[in-house]
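**Q** With the input below, show me the fold.
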Amino acid sequence: MIRFKYLLDGQEGAPGNFSLVIADTDVSFKSPRHRHNFDQIRVSLDGVTNYGPRENIEVGDVVYFPEGTHYGPQDQELARQSSLAMVIQFGGASGNGYMSLRQLQEGQERLQQKGRFEGGVFRREPDPANTRKNQDAYEAIWEFQNGRPIEYPKPRVSDPIHFHARNLAWTGIQGEPGTSVRDLGRFTDRNIHMYTLKAGAGARHVFVPGAQGRLLFVLEGAGQLGHECFARHSAAHLSAGEQAALTAEQETELLVLELPRFEESAS
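**A** As a prediction, this is how the structure comes out:
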């Protein structure tokens, strides 16, 4: 079993659509080796999250799963415990977009008339019009909803990118006492950017207007973002061009993701 708490979602049908969820994964969860036509980021919040043989996400780690890159099979029993993780899924550099929760649930309900979902696989009932019996569950729903075979982008990396983020050094932010960042890197021609931000109690940080939308997830701490209060495991979306000031009431650490830019072609 895996249960989701949906915190944020983007614009259905847009190439940069996204979702941000907290995933509660039972120790019995399994999924076959697979790949996506979108990007994904995972952060373990409590426990250890398995994503392949000898591949576990410890608390404090950040893993980036680029579109087209295989991973798995997942077997949470290898971690010997359940886990709580933050998961962001968003349209990758190829422009394939990301299927919304509504589209996913609708497709699953309608496909259950043609077979059953089991262990991350869609198993079709005998159908002369479709000789393919077993298929990755998400892939089957995507093809049903879009009316065409899925096309996966050619992988840009051979494996997911696993950061032991807690081992990176903090760098202070000039002009903002008590704040610092850990830069995890920039990826693809769409300028995807990930970093963690730390603000000590009483410190203030301004997210200046940018060309890309940003997702913020509070790993630890509490305070205020604009006119809204936040606490541990809160999330926020800043649109392109939006500015917001963060004031930390407690020492606060956030993961910040600058979403891919689709307004113009990369040079």
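**Q** dump the residue contacts of V157.
**A** 66, 69 (C-beta atoms under 8 Å, 6 or more residues apart in numbering). C-beta: built from backbone N, CA, C; applies to glycine.
**Q** Spell out which residues sit in contact with P209, please.
**A** 240-243.
**Q** Spatially nearest residue to the spatially most central residue of the chain, not counting backbone neighbours?
**A** By C-alpha atoms, centre = their mean, the chain has its centre lying nearest to I88, at 1.8 Å. Leaving aside its chain neighbours, I88 sits nearest to I41 (4.5 Å; criterion: C-beta to C-beta, 6 or more residues apart in numbering).
**Q** pLDDT weak spots in the stretch 151-267 of the chain?
**A** Within the stretch 151-267 of the chain, the set of residues satisfying pLDDT under 70 comprises 264-267.
**Q** can you give me the helices in it?
**A** Here the stretch 151-267 of the chain has no helices by DSSP state H, counting those that start in this stretch.
**Q** ok, which stretches of it are strands?
**A** Taking DSSP state E, counting those that start in this stretch as the test, the strands found in the stretch 151-267 of the chain are 161-163, 171-172, 179-187, 192-199, 204-207, 214-220, 223-225, 228-230, 235-238, 244-248, 252-258.
**Q** cool, and the stretch 1-150 of the chain?
**A** Along the stretch 1-150 of the chain, counting by DSSP E, counting those that start in this stretch, strands occupy 2-9, 18-25, 30-31, 39-47, 49-52, 55-57, 62-65, 74-75, 83-90, 115-118, 121-124, 134-136.
**Q** so who does the nearest residue to L45 once chain neighbours are set aside touch?
**A** Excluding the flanking residues, the one nearest L45 by C-beta to C-beta, 6+ apart is L84, at 4.6 Å. Counting by C-beta under 8 Å, 6+ apart, L84 touches 22-25, 44-47.
**Q** can you tell me how far L84 sits from A240?
**A** Using C-beta to C-beta, to the nearest Å, L84 is found at 30 Å from A240.
**Q** still on that earlier bit, now the strands of the stretch 151-267 of the chain in JSON lines, with distance to Q103 and mean neighbour count?
**A** Shown next, in JSON lines, are the strands of the stretch 151-267 of the chain (distance: least, C-beta to C-beta, whole Å; neighbours: other C-beta atoms under 10 Å):
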{"stretch": "strand 161-163", "distance to Q103": "28", "mean neighbour count": "18"}
{"stretch": "strand 171-172", "distance to Q103": "40", "mean neighbour count": "12"}
{"stretch": "strand 179-187", "distance to Q103": "26", "mean neighbour count": "17"}
{"stretch": "strand 192-199", "distance to Q103": "23", "mean neighbour count": "22"}
{"stretch": "strand 204-207", "distance to Q103": "30", "mean neighbour count": "17"}
{"stretch": "strand 214-220", "distance to Q103": "20", "mean neighbour count": "20"}
{"stretch": "strand 223-225", "distance to Q103": "30", "mean neighbour count": "20"}
{"stretch": "strand 228-230", "distance to Q103": "29", "mean neighbour count": "14"}
{"stretch": "strand 235-238", "distance to Q103": "19", "mean neighbour count": "19"}
{"stretch": "strand 244-248", "distance to Q103": "30", "mean neighbour count": "19"}
{"stretch": "strand 252-258", "distance to Q103": "22", "mean neighbour count": "22"}
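**Q** Of all those, which one comes closest to E77?
**A** Closest of the strands of the stretch 151-267 of the chain to E77 is strand 161-163, at 20.2 Å (criterion: C-beta to C-beta).
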